[in-house]
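need a structure here:
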Amino acid sequence: MAEAHCPASCGELLQGWILGGEKLVSCPINWYSYVSVEEGVPLGLERPRMRQMLERVLKHLDIVPEATGMLRIEYESTIPVGKGLASSTADIAATAQATARFYGHELSPETLAELCVAVEPTDSTLFSSLTLFDHQTAETQISLGWAPDLKLLLLESPDVVLTEDFHKRDRRAALLAREPLLAQAWKLLTAACEQQDPQRLGEAATLSAIASQDLLPKPGFSELHALADKGKIYGLNVAHSGSVAGLIYDDTLHDKDFIYDWIQRHQLDRFYPQVHEVSMAPGGVR
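Numbers count the residues shown, from 1 in each chain. Okay, the predicted model is just below:
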């Protein structure tokens, strides 16, 4: 048996038209998809695209395709699907690495990225530090050299957004219109990572969330944004192709009880009935 696990992402810190095309910076968190590959009859309980990824890895390693029928994939994941939490990236990336390990190989993050984008748009949770990533072609992979250790209140909406359908929409004009705002956010984020400054990171994520509102609006956004304006959190980030939002904070500097009280007083639990306390974590398939 060979095993691997990959983190989820609380939406994105940035996503939009950056450096000449649409790119993103994921927000890896301590919530994982665990996958194992072993000899055995396939169970039929796999999540979508897991088997497709296994077969791609077999081809990449020059292993006969018939081997797929002799390999069993098992997984354990509580990451909600269709919310913008990178559940699918976590599933297929962990499947890829577990398959490679079964045959005595280790896939680099760059190779994983190429394999994953061939299957579907992919999050930059594949990389150990925050990374600007072309999630559709993998041609851009700019490491920002920092894996922040910050807290988030992850606000989960019951709404489901299918990422594949979202990316089929013609969003080019809307993305280009917001390019100046994303340029500002990108500048802030690079400075934040150079200086390991969580305040600037929060400001960058908030700008990107504001830019996303016209493309995929989040209910209660103005009330959530006000928390950042009042300095009660570092910033706000969202799933740009999903329905979750994240409140970025430091539990030694910010009053978590105040944040929860704010959510209740403004009845934001109507839109986000589940709140998860998570932490940013290094990315990468382990």
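
which residues touch residue 29?
Contact analysis of residue 29 by Cβ atoms under 8 Å, 6 or more residues apart in numbering lists 7-10, 152, 154, 278-281. Glycine gets a C-beta too; all of them are placed from N, C-alpha and C.

with just CA atoms, put whichever strand in the chain runs longest into PDB.
Longest strand in the chain, counting residues (DSSP state E): strand 21-39. The C-alpha trace of strand 21-39 is given here as PDB (Å, rounded to 0.1, in the frame of the first residue of the first chain):
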ATOM      1  CA  GLY A  21      -3.700  36.100 -17.600                       C
ATOM      2  CA  GLU A  22      -6.000  34.600 -15.100                       C
ATOM      3  CA  LYS A  23      -4.100  33.200 -12.100                       C
ATOM      4  CA  LEU A  24      -4.600  32.400  -8.500                       C
ATOM      5  CA  VAL A  25      -2.900  32.100  -5.100                       C
ATOM      6  CA  SER A  26      -4.600  29.400  -3.000                       C
ATOM      7  CA  CYS A  27      -5.000  29.500   0.800                       C
ATOM      8  CA  PRO A  28      -4.000  26.000   2.000                       C
ATOM      9  CA  ILE A  29      -5.500  25.000   5.400                       C
ATOM     10  CA  ASN A  30      -5.200  22.100   7.800                       C
ATOM     11  CA  TRP A  31      -7.900  20.000   6.300                       C
ATOM     12  CA  TYR A  32      -6.800  17.100   4.200                       C
ATOM     13  CA  SER A  33      -7.800  14.400   1.700                       C
ATOM     14  CA  TYR A  34      -6.100  11.100   2.400                       C
ATOM     15  CA  VAL A  35      -5.700   8.600  -0.400                       C
ATOM     16  CA  SER A  36      -4.200   5.100  -0.500                       C
ATOM     17  CA  VAL A  37      -3.500   2.900  -3.500                       C
ATOM     18  CA  GLU A  38      -2.900  -0.900  -3.200                       C
ATOM     19  CA  GLU A  39      -3.300  -4.100  -5.100                       C
END
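
how far away from the center of its chain is that strand?
With Cα atoms, centre = their mean, to the nearest Å as the basis, strand 21-39 stands 7 Å off its chain's centre.

which stretches of this protein form strands?
2-18, 21-39, 71-77, 131-133, 141-143, 151-156, 235-238, 245-249, 274-279.

tell me the most buried of those strands?
For the strands of the chain, average neighbour numbers computed from mean count of other Cβ atoms under 10 Å are highest in strand 235-238, which has a mean of 28.

list the helices and strands that strand packs on?
strand 2-18, helix 198-212, helix 221-229, strand 245-249 (3 or more Cβ pairs under 8 Å, 6 or more residues apart in numbering; DSSP states H and E).

any idea which of those gets closest to residue 131?
strand 2-18 (10.4 Å; Cβ to Cβ).

mind giving me the packing neighbours of the closest one?
Using 3+ Cβ pairs under 8 Å, 6+ apart: strand 2-18 touches strand 21-39, helix 87-102, helix 172-177, helix 179-195, helix 198-212, strand 235-238, strand 245-249.

now these as CSV including mean pLDDT and distance to residue 135?
Compiled in CSV, the helices and strands packed on strand 2-18 are given as follows (pLDDT from 0 to 100; distance: least, Cβ to Cβ, whole Å):
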stretch, mean pLDDT, distance to residue 135
strand 21-39, 97, 5
helix 87-102, 98, 9
helix 172-177, 86, 13
helix 179-195, 97, 14
helix 198-212, 97, 14
strand 235-238, 98, 16
strand 245-249, 98, 18
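
closest to residue 137 out of those?
Closest to residue 137 of the helices and strands packed on strand 2-18 is strand 21-39 (Cβ to Cβ; 8.4 Å).

for residue 2, which of the helices and strands packed on strand 2-18 is the nearest?
That would be helix 87-102 among the helices and strands packed on strand 2-18, by Cβ to Cβ, at 3.7 Å.

off-centre distance for the closest one?
Using Cα atoms, centre = their mean, the offset of helix 87-102 from its chain centre is 15 Å.

same question, stretch 69-78
The chain centre lies 22 Å from the centre of stretch 69-78; the measure is Cα atoms, centre = their mean.
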